[in-house]
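J.: Quick one: sequence and predicted model below, then my questions.
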Amino acid sequence: MVTLLLDSAQLEVVLSATERAAAFRQRNVQVAREHITKVQLTDDAWSWLRGVPRPGLLVPGVIASGSFESAGGVDFVLVRRRRPSVVVDLDGDAEFQRLVLTTRHGLALVQALRLDVEDEPADVADLVAP
């Protein structure tokens with residue numbers, strides 16, 4: 001599962017070496033906070049996939065990873081099995097229109113985006129910890 005870091009300027013999707021290889025990426029995904037328009041939690045991320053992997057990996061029901069291109073734009077996807085996920089809609093981002101990510105920190109991300117946070121990047125789970 002990916003690690004999400006959020007500060008007042010951006011959301012960073014931190015990828016492990018294995019996730020980078022599966023997604024055909026050399027660096028983490030960074031999105032300006034101002035480009036985030038909507039965040040939705042889902043138990044079935046597979047229903048949110050659109051387009052074809054370019055470049056990416058798709059083993060239906062097992063893993064979907066990488067850039068998925070469709071008529072609606074390019075999405076960054078990292079979905080594993082049938083686990084809780086988050087869908088982040090973007091507007092104005094130069095690289096992606098949507099992020100679809102398997103993470104157990106989806107609710108924490110939704111709550112953290114409603115908070116005024118510091119400039120220092122922090123794990124979203126830590127931002128909303130009691």
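T.: Happy to help now that I have it. Everything numeric in this text was worked out from a predicted model, so none of it was measured.

J.: in a helix, that's where Arg20 is, yeah?
T.: Yes. With DSSP: H, G, I helix; E, B strand; the rest coil as the criterion, Arg20 is part of a helix.

J.: In this structure, what residue spans correspond to helices?
T.: 17-23, 106-113, 124-127 (DSSP state H).

J.: Nearest to Leu5, out of the ones you listed?
T.: Taking Cβ to Cβ as the measure, these were each checked against Leu5, and helix 124-127 came out nearest at 7.3 Å. All C-beta atoms are positioned from the backbone trio N, CA, C, and that covers glycine.

J.: circling back to that earlier point, among the helices of the chain, which comes closest to Ser70?
T.: helix 17-23 (16.8 Å).

J.: Which stretch among the helices of the chain approaches Ala9 most closely?
T.: Nearest to Ala9 among the helices of the chain is helix 106-113; the distance by Cβ to Cβ comes to 12.8 Å.

J.: For that closest one, buried residues please.
T.: By neighbour count on 16 or more other Cβ atoms under 10 Å, the buried set for helix 106-113 is Gly106, Leu107, Ala108, Leu109, Val110, Ala112, Leu113.

J.: of all the helices of the chain, which lies closest to Ser65?
T.: For the helices of the chain, distance to Ser65 was read as Cβ to Cβ. The smallest value, 4.1 Å, belongs to helix 17-23.

J.: So which other helices or strands are in contact with the closest one?
T.: Taking 3 or more Cβ pairs under 8 Å, 6 or more residues apart in numbering; DSSP states H and E as the contact definition, the neighbouring helices and strands of helix 17-23 are strand 52-59, strand 63-70, strand 73-80.

J.: Please identify the most buried of those.
T.: Using mean count of other Cβ atoms under 10 Å, the stretch among those with the largest mean neighbour count is strand 73-80, at a mean of 22.
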